[in-house]
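show me the folded form of this:
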Amino acid sequence: MKKEVLKIQNLHAEVEGKEILKGVNLVIHAGEIHAIMGPNGSGKSTLSNVLMGHPHYKITQGEILFKGESLLSLKPEERAKKGLFLAFQYPTSVPGVNMISFLRTMLKNARGTEISVRDFRKLLEEKMLLLEMDKSFAQRYLNDGFSGGEKKRSEILQMALLNPEMAVLDETDSGLDIDALKTVCEGIKKIFTPENSLLIITHYQRMLNYIKPDFVHVLADGKMVKSGGSELALELEEKGYDLVLTP
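Below is the predicted model:
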């Protein structure tokens with residue numbers, strides 16, 4: 001029996017007094033890839049932010065269990081230490097902060113222990129080789145002057161170093177051309193293992209051409225309105241969200 005990694009029960013959340021999530025339920029087991037699709041304004045990005053504990057969002061009802069433990073009282077950095085990772089839709093640029101320094105500090109904070117320069121560089125080189133990334137990439141400032149594809153590859157490199165048990169990809173395909181999307185998805189597949197789980201949040205089916213989900217869920221008006229296999233994404237691409245929104 002697969003280990004239950006994430007369980008969302010009757011989750012309600014609001015921002016500035018407006019309810020966005022209206023009773024979301026979801027269960028993800030180890031090694032599974034889930035995709036959440038839905039029209040604009042359905043609550044997809046709200047869900048990802050709530051999972052990571054963004055203080056702008058208020059949970060009014062429900063529960064989020066990660067490996068059987070409630071996340072509701074934990075800060076974002078505490079959730080990350082537990083093994084939860086969020087790849088942002090729009091990664092922030094930080095001029096003046098060297099990628100290597102950022103990545104080493106990130107790893108130190110996640111592990112709670114110092115990592116030697118030698119061990120860190122060995123691990124970094126190993127992951128960059130796996131992702132077919134040039135060494136010069138790590139010498140740049142964090143996302144500064146990066147293209148959309150480079151920013152997303154930076155996030156995948158972070159994920160490779162942290163090796164989280166659960167990764168949430170919030171519209172990682174946003175702003176990417178076909179070639180960049182393919183490169184990013186190939187990187188994700190290289191670091192995914194049966195011990196990891198993925199939650200892909202996307203508006204379009206195209207990312208799912210490269211990373212085939214085990215389950216597809218449709219979020220609309222703050223609720224899961226339909227679930228199915230990977231074929232559901234193809235149906236949505238062909239017929240639009242009217243397939244599930246029309247009474």
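
low-confidence ranges, the protein, go.
With pLDDT under 70 as the threshold, the chain has low-confidence stretches at 246-247.

which parts of it are helices?
Taking DSSP state H, the helices of the chain run over residues 44-52, 76-82, 99-111, 117-130, 148-162, 178-191, 231-239, 242-245.

dump those helices to TSV, plus distance to residue 4.
The way it works is simple: take the backbone N, C-alpha and C, and place the C-beta from them, glycine included. Compiled in TSV, these are given as follows (distance: least, C-beta to C-beta, whole Å):
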stretch	distance to residue 4
helix 44-52	15
helix 76-82	14
helix 99-111	22
helix 117-130	28
helix 148-162	21
helix 178-191	22
helix 231-239	22
helix 242-245	26
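
with distance to residue 221 and mean neighbour count added, can I get these in TSV?
Conversion of the helices of the chain to TSV gives the following (distance: least, C-beta to C-beta, whole Å; neighbours: other C-beta atoms under 10 Å):
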stretch	distance to residue 221	mean neighbour count
helix 44-52	12	22
helix 76-82	26	16
helix 99-111	35	16
helix 117-130	40	14
helix 148-162	29	21
helix 178-191	28	18
helix 231-239	16	16
helix 242-245	9	14
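
which one of these lies closest to residue 204?
helix 231-239 (7.4 Å; C-beta to C-beta).

contacts for that closest one next, please.
Outside helix 231-239, the residues that touch it by C-beta atoms under 8 Å, 6 or more residues apart in numbering are 35, 37, 204-205, 208, 213, 216, 218, 226, 243-244.

gap between that helix and the chain center?
Taking C-alpha atoms, centre = their mean, to the nearest Å, the mean C-alpha location of helix 231-239 is offset from the chain mean by 22 Å.

now stretch 151-167
Averaged C-alpha coordinates place stretch 151-167 at 9 Å from its chain's average position (C-alpha atoms, centre = their mean).

just stretch 206-214 next, same as before
With C-alpha atoms, centre = their mean as the basis, stretch 206-214 stands 14 Å off its chain's centre.

same thing with stretch 218-229?
Here stretch 218-229 shows a centroid-to-chain-centroid distance of 18 Å under the convention C-alpha atoms, centre = their mean.

ok, stretch 6-25 next?
Relative to the mean C-alpha coordinate of its chain, stretch 6-25 is positioned 18 Å out (C-alpha atoms, centre = their mean).

could you pull out the buried residues of that stretch?
Judged by neighbour count (16 or more other C-beta atoms under 10 Å), stretch 6-25 contains these buried residues: 6-8, 11-14, 20-22, 24.

kindly reformat the residues you listed as CSV containing distance to residue 43.
Shown next, in CSV, are these (distance: C-beta to C-beta, whole Å):
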residue, distance to residue 43
6, 17
7, 18
8, 12
11, 10
12, 11
13, 8
14, 11
20, 5
21, 5
22, 8
24, 8
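
which one of the residues you listed is nearest to residue 49?
Proximity of these to residue 49, judged by C-beta to C-beta, is greatest for residue 13, which lies at 8.8 Å.

so residue 9 makes contact with residue 61?
No. In this structure, residue 9 sits apart from residue 61 without contact. The criterion is C-beta atoms under 8 Å, and the distance is 9.6 Å.

contact partners for residue 209?
Residue 209 is in contact with no residue at all, counting by C-beta under 8 Å, 6+ apart.

any idea how far it is from residue 35?
Between residue 209 and residue 35 the distance, using C-beta to C-beta, to the nearest Å, works out to 12 Å.

ok, residues contacting stretch 93-112?
Looking at stretch 93-112 with C-beta under 8 Å, 6+ apart, the contacting residues turn out to be 77, 80-81, 114-115, 117, 120, 123-124, 137-146, 151, 154, 157-158, 161-162.
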